[in-house]
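Undergrad: here's a sequence, model it:
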Amino acid sequence: MTARNDIRFAKRLLLPGAAVLCLLAAIAPLTHAAPPEPLTLTFEPRGAVIEGVTPGGVLVVFARARNQIQLHYAESVALKFMLRDKAGSGRITVDAGRELPADAVWAVVDLETGRHLVSSRGLARERRPLPADTVRYKPQDRDRLSVALPMAEILVVRRGENAWFEAIGDGGTADEDGRTDGTAAISPAKLRNLRKKAAKPFDKVKKGDLVIVIDPLTLQVWSSAELGQ
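TA: This is a model prediction of the structure:
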């Protein structure tokens, strides 16, 4: 066998092995990619610690804490903002700057992935979630979000983009159905940007948008990512 034939024979032996190595190298990143950690929330007197956030990502905080002092008087605190994980640790501490009422419900959303968590403490832990039909959205019906509550705080989160919010009350100035009938309605375009420097206003609820509603009186919660069309 000549030297040239030896080289050709060696190539025929090496090529299949090289192809296998390339295939394994392509598969390796897929098989070793770990799923995102679940969000966890630990309550503290002045706020909460949230872990499992996308490192360097943005966390949406939507919370209500309430303390019924007398029959017609309650101390109530609302938290609505975005925080970036500047340290890249996946851990964000929310400090409200003061001790919060013991009864509270928190909804936190990882903006990059859409992962979210709702957690309650105090008497709010005993509350059942709001019924499935509490919130309705029919684009053909004047493109309104309708909430069957006397008062409601609404948050809509679009993964990877932004979040929008508003507080509405049945028969109030923001209630677009013009009636005091146990239901408050609002057009998506009337929701306010949670991100201070948003590129564009909210237009309509799309499929996959996460909608969260808190009843500020009972601290009950409703949430769904299936409302949009």
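Undergrad: could you use CA atoms for every contact and neighbour count after this?
TA: Will do.
Undergrad: next secondary structure after the worst-scoring helix or strand of the chain on mean pLDDT?
TA: Scoring the helices and strands of the chain by mean pLDDT, DSSP states H and E places helix 3-32 at the bottom, with a mean of 46. Once helix 3-32 ends, the next helix or strand along the chain (criterion: DSSP states H and E) is strand 40-44.
Undergrad: list the contacts of the following helix or strand past that next one.
TA: Scanning the chain past strand 40-44 towards its C-terminal end, the next helix or strand to appear is strand 47-51 (assignment: DSSP H and E). Residues outside strand 47-51 that contact it (C-alpha atoms under 8 Å, 6 or more residues apart in numbering): 39-43, 90-96, 99-100.
Undergrad: out of these, which comes closest to Thr218?
TA: Leu100 (16.5 Å; C-alpha to C-alpha).
Undergrad: for the closest one, give its distance to Phe81.
TA: Relative to Phe81, Leu100 is positioned 16 Å away (C-alpha to C-alpha, to the nearest Å).
Undergrad: among those two, which residue is more densely surrounded?
TA: Taking other C-alpha atoms under 10 Å, Leu100 and Phe81 do not tie; Leu100 has more neighbours (21 against 16).
Undergrad: what does the model give that one for pLDDT?
TA: Per-residue confidence for Leu100 comes out at a pLDDT of 94.
Undergrad: I'd say it and Val77 touch.
TA: Yes: if you go by C-alpha atoms under 8 Å, Leu100 and Val77 touch, sitting 7.4 Å apart.
Undergrad: shared neighbours of those two, anything?
TA: When contacts are counted by C-alpha under 8 Å, 6+ apart, the set common to Leu100 and Val77 consists of Ala65.
Undergrad: stretch 37-57: how far from the chain's middle?
TA: What separates the centre of stretch 37-57 from the centre of its chain is 13 Å, taken as C-alpha atoms, centre = their mean, to the nearest Å.
Undergrad: separation between the most centrally placed residue in the chain and Thr180?
TA: The central residue of the chain, meaning the one whose C-alpha is nearest the mean C-alpha position (C-alpha atoms, centre = their mean), is Val109 at 2.8 Å. Distance of Val109 to Thr180, given as C-alpha to C-alpha: 32 Å.
Undergrad: where does Pro188 fall, phi/psi-wise?
TA: Dihedral angles of Pro188 (phi, psi; degrees, to the nearest 10) stand at phi -50, psi -30.
Undergrad: counting neighbours, what do you get for Ala225?
TA: The criterion is other C-alpha under 10 Å. On that basis, Ala225 has 17 neighbouring residues.
Undergrad: try Glu37
TA: By the criterion of other C-alpha under 10 Å, Glu37 has 12 neighbours.
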